[in-house]
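Engineer: I would like to see how this sequence folds:
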Amino acid sequence: MGRLKVGVMIESFRLGVRKGIAKAAELGVDGFQVYVTGGETHPDAMTKSGRREFLDYVAKNDLVISALCGDFGKPYTREEGLDKLIDDTKKVIDLAVDLKTPIITTHIGVVDADPKAKSRKIMADALNHVGAFADSRGVVFATETGPESGPVLAEFIGSLKTQAVKANFDPANLVMAGFDVLEAVRALGKNIVHTHAKDGVRENGRGKEVPLGEGGVPWQEYVGLMSEIGYEGFYTIEREVGDDPVADIRKAISFLRRW
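Structural biologist: Here you go, the predicted structure:
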């Protein structure tokens, strides 16, 4: 097993984009992920020259972009507003091309286990459309694990007509939802193109995020299994709670560097 590629979600620092990138460089990670659904990194806010300048800033900090987060907070299961969501998603895909990262992560909504469910048909039609555009631009669209089990998500991805829809693996989401992390890795396999390094527990029927290594994710087995399936991508630290995120991220980096 080689040295893991460690990244961090810029928003986890709570410092803003530029200061967050500088902090990521200071902490010695290999790359980062950034939200592009609002503020200065939204596709409508980034001109062509602005995109080039952003890439220059990333390079000056000796980092790479592991993925863009294109999560607009809306599921692909509702017909109302779906056309706009698809159009906004296409803008993010074009932005990914300009920022030289082939991976976009998002939440697509809950995949119904019933292949005949109406919500699932709406989602499949939308993602086939998005996937065709992503494929034409050389980008993959990775949905985050957690709302459903790994086998259900894997079956859904396999049912699509596009090869561009993949998985962003978040083991903590699965633990907090009561699903099996290792089962999900085995089911999704080569569909995993990016990960979030996060930890959590499930107590009294509810999920709770905790610092990396202090929750229910079986890290030794998980990292080993990811290596077995051939995963060589980023483990991108995401810390959504806590009073001192920088300290938590620093500890998470040290934790991941043991592999």
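Engineer: Which residues belonging to the longest helix seen in the chain are considered buried?
Structural biologist: Identified as the longest helix of the chain according to DSSP state H is helix 118-137. Across helix 118-137, burial judged by 16 or more other Cβ atoms under 10 Å covers 119-120, 122-124, 126-127, 129-131, 133-135. No exception for glycine: its C-beta is placed from N, CA and C like everyone else's.
Engineer: can you tell me which residues contact the closest residue to residue 51 other than its chain neighbours?
Structural biologist: Ranked by Cβ to Cβ, 6 or more residues apart in numbering and with sequence neighbours excluded, the top spatial neighbour of residue 51 is residue 98, at 4.5 Å. Shown in contact with residue 98 (Cβ atoms under 8 Å, 6 or more residues apart in numbering): 46, 48, 51.
Engineer: Same question for residue 196.
Structural biologist: For residue 196, the contact set (Cβ under 8 Å, 6+ apart) comprises 9, 144, 168-173, 236-238.
Engineer: Tell me the bridge partners for it.
Structural biologist: Judged by DSSP bridges, the bridge partners of residue 196 are residue 236.
Engineer: hmm, back to that, list the strands paired with whichever helix or strand comes after the longest helix of the chain, with their directions.
Structural biologist: Note on helix 118-137: by DSSP states H and E, the next helix or strand toward the C-terminus is strand 140-144. Strand 140-144 sits in its sheet next to strand 103-106 (parallel), strand 165-169 (parallel), going by DSSP bridges.
Engineer: For the residue nearest to residue 51, give its distance to residue 86.
Structural biologist: Going from residue 98 to residue 86 by Cβ to Cβ, to the nearest Å gives 19 Å.
Engineer: Quick check: residue 227 vs residue 220, distance?
Structural biologist: Noted for residue 227: a distance of 11 Å to residue 220, by Cβ to Cβ.
Engineer: The two: which is more packed in?
Structural biologist: residue 227 (14 against 10; other Cβ atoms under 10 Å).
Engineer: Residue 78 touches residue 118, doesn't it?
Structural biologist: No. If you go by Cβ atoms under 8 Å, residue 78 and residue 118 don't touch, sitting 10.4 Å apart.
Engineer: Run through the strands of the stretch 51-200 of the chain in chain order.
Structural biologist: 64-69, 103-106, 140-144, 165-169, 192-197, 199-203 (DSSP state E, counting those that start in this stretch).
Engineer: picking up where we left off before, could you export the buried residues of helix 118-137 as CSV, including pLDDT?
Structural biologist: What follows is the buried residues of helix 118-137, written out as CSV (pLDDT from 0 to 100):
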residue, pLDDT
119, 97
120, 97
122, 98
123, 98
124, 98
126, 98
127, 98
129, 98
130, 98
131, 98
133, 98
134, 98
135, 97
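Engineer: between those, which is nearest residue 254?
Structural biologist: Residue 254 lies nearest to residue 134 out of the buried residues of helix 118-137, by Cβ to Cβ, at 35.3 Å.
Engineer: can you pull the contacts of the closest one?
Structural biologist: So residue 134 contacts 93, 104, 140-141, 162, 164-165 (Cβ under 8 Å, 6+ apart).
Engineer: separation between it and residue 241?
Structural biologist: To residue 241, residue 134 is 31 Å away according to Cβ to Cβ.
Engineer: what's the answer for residue 222, then?
Structural biologist: Per Cβ to Cβ, residue 222 is found 21 Å from residue 241.
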